[in-house]
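>>> This is a predicted model, with the sequence first.
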Amino acid sequence: MLQALGLGADAEAVYRGVLADPSGGIAELSVRLGRTEAQVRAGLDRLVDLDLLRPSRDSPGALRAVRPELGLEILLFRQEEELARQQQEMIRSKAAAAQLVSEFAELRPNTEVDGAERLVGMDAIQDRLEQLARGLERECLAILPGGALSQASLDASRPLDERALAQGIEMRSVYQESARKDPTTLSYARWLTEQGGQVRTSLLLPPRLLVFDRTIAVVPIDPEQSRLGALCTRAPGIVASLITLFEQTWNAAVPLGADRPTATDTRPSPVELELLKLLASGMTDEAAGKRLGVSLRTVRRQMSALMERLHATSRFEAGLKAARQGWI
């Protein structure tokens, strides 16, 4: 239950065991919990690291478990700190990658210079991606924002993905959360996992990204102006920054098969919560929909439902009430 907060199964079992009976030693805990002494010791060490076990004042040399309500606060605080750190790292990685990509944006179309190539036109991009996919030896990383993918795009990707997976290539892909609601895209993502690929989803994603064997990356030159084409680069600095960005995105994403939190009558769903934050930050409906990979109509429908749930007659009033309830 507490694994989502960074507490492993062994550590959680030990924590519960110490709460239930603080007088037992390692051997007794081992028997009572059905775990080896090594697992119990590792659990105790982890609990001490997390400040969930503290020295006992009543029994010098012994440890006591902090009460559950305080323990949960400690775990949540640590997780918030870690998420904030990851967010800052992602911001820095995005900035570094954008700066490096911009340095190559003036390359002549479809010519390679010093390991960088500017690809202009869907045909040029597709040809290069097919060439890179056929040359894969170990791994392919992909970030695919925008929610639903077109049937044409999926049809073009299927033979390449199928061949790579059959050859034992590790494939990890991150889709936008809204892709779960598109039957075509969801079916393809499930097919990928059945073939041995790994798929996760995230509410917000950085621009589209493909990395081949950790040596070649393909990114849009300008995510807002796809007509400018894509950049294919072998530059180690750019590739390393983009891999870091992918790993941070991957770690924050949710596996495709994981249960999704269900919305209640009062608390907004994760998508609705993110929508509120984006609109509160000053984004237009259209921009917020683009960030979330959903249509303008979906944004307005969700916002209308939120206003009704909050008993608000205007968006301004809805924002105030959402803030009062701690939603944003």
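On my side now, so go ahead. Numbering: from 1, shown residues only.
>>> Distance check, the residue most central in space within the chain against A287.
Geometric centre of the chain, nearest residue: A253, 2.3 Å, by C-alpha atoms, centre = their mean. Note on A253: its distance to A287, by C-beta to C-beta, to the nearest Å, is 22 Å. Where you see a C-beta, it was placed from the backbone N, CA and C, and this is true even at glycine.
>>> Skipping its backbone neighbours, what lies nearest the residue nearest to the centre of the chain in space?
R200 (3.6 Å; C-beta to C-beta, 6 or more residues apart in numbering).
>>> cool, and G319?
A280 (5.6 Å).
>>> what stretches of the stretch 151-300 of the chain score poorly on pLDDT?
226, 258-266 (pLDDT under 70).
>>> ok, E37 - contacts?
Shown in contact with E37 (C-beta atoms under 8 Å, 6 or more residues apart in numbering): I26, A27, S30.
>>> Please tell me which one of the residues you listed counts the most neighbours.
Highest neighbour count within the contacts of E37, by other C-beta atoms under 10 Å: S30, with 19 neighbours.
>>> got a list of what that one touches?
Applying C-beta under 8 Å, 6+ apart, the residues contacting S30 are T36, E37, Q39, V40.
>>> measure it to L44 for me?
11 Å.
>>> same thing with Q195?
42 Å.
>>> Who has more neighbours out of these two?
L44 (20 against 14).
>>> Is that one in contact with L63, as I believe?
Yes. With contact defined as C-beta atoms under 8 Å, L44 counts as touching L63 (7.2 Å).
>>> residues shared between the contacts of these two?
With C-beta under 8 Å, 6+ apart as the test, L44 and L63 both reach L53.
>>> picking that back up, could you tell me the phi and psi values at the residue nearest to the centre of the chain?
phi -90, psi 170 (degrees, to the nearest 10).
>>> mind listing what it touches?
A253 touches V174, R200, T201, S202, counting by C-beta under 8 Å, 6+ apart.
>>> Would you reformat these as a markdown table and include neighbour count?
Formatted as a markdown table, the contacts of A253 follow (neighbours: other C-beta atoms under 10 Å):
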| residue | neighbour count |
| --- | --- |
| V174 | 24 |
| R200 | 20 |
| T201 | 24 |
| S202 | 18 |
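>>> Specify which member of those residues is nearest to L83.
Closest approach to L83 among the contacts of A253 (C-beta to C-beta): S202, at 12.9 Å.
>>> pretty sure that closest one is touching T249, no?
Yes. Using C-beta under 8 Å, S202 makes contact with T249 at a distance of 6.4 Å.
>>> Now do the shared contacts for the two.
V174.
>>> Contacts only, for E130.
L160.
>>> hey, where'd the strands end up in the stretch 151-300 of the chain?
170-176, 198-202, 209-212, 216-220, 230-233, 254-255 (DSSP state E, counting those that start in this stretch).
>>> Point out the most buried one among the ones you listed.
Most buried of the strands of the stretch 151-300 of the chain, by mean neighbour count (mean count of other C-beta atoms under 10 Å): strand 230-233, with a mean of 25.
>>> What is that one packed up against?
Under the contact criterion of 3 or more C-beta pairs under 8 Å, 6 or more residues apart in numbering; DSSP states H and E, strand 230-233 touches strand 116-119, helix 122-134, strand 216-220.
>>> Who are the packing partners of the first one?
What it means is strand 116-119. Counting by 3+ C-beta pairs under 8 Å, 6+ apart, strand 116-119 packs on helix 122-134, strand 230-233.
>>> and among these, the most buried is which?
strand 230-233 (a mean of 25).
>>> Each with direction, which strands does that one pair with?
Strand 230-233 has the following strand partners under DSSP bridges: strand 116-119 (antiparallel), strand 216-220 (antiparallel).
>>> Throw those into TSV and include distance to D58, thanks.
Shown next, in TSV, are the strands paired with strand 230-233 (distance: least, C-beta to C-beta, whole Å):
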stretch	distance to D58
strand 116-119	66
strand 216-220	58
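>>> wait, which of these is closest to L7?
strand 216-220 (35.7 Å).
>>> next one: the longest helix along the chain to chain centre, how far?
Assignment by DSSP state H gives helix 68-102 as the longest helix of the chain. Relative to its chain's centre, helix 68-102 lies at 12 Å (C-alpha atoms, centre = their mean, to the nearest Å).
>>> What helices and strands are in contact with it?
helix 236-252.
>>> gap between the helix it packs on and the chain center?
Worked out by C-alpha atoms, centre = their mean, helix 236-252 lies 12 Å from the chain centre.
>>> likewise stretch 289-296?
So, by C-alpha atoms, centre = their mean, the centroid of stretch 289-296 is 17 Å from its chain's centroid.
>>> Contacts for that stretch next, please.
So stretch 289-296 is contacted by 145-148, 176-179, 203-205, 271, 274-275, 278, 283, 285-286, 298-299 (C-beta under 8 Å, 6+ apart).
>>> Give me the buried subset of those residues.
Neighbour-count burial (16 or more other C-beta atoms under 10 Å) applied to these gives 145-148, 176-179, 203, 205, 271, 274-275, 278, 283, 285, 298-299.
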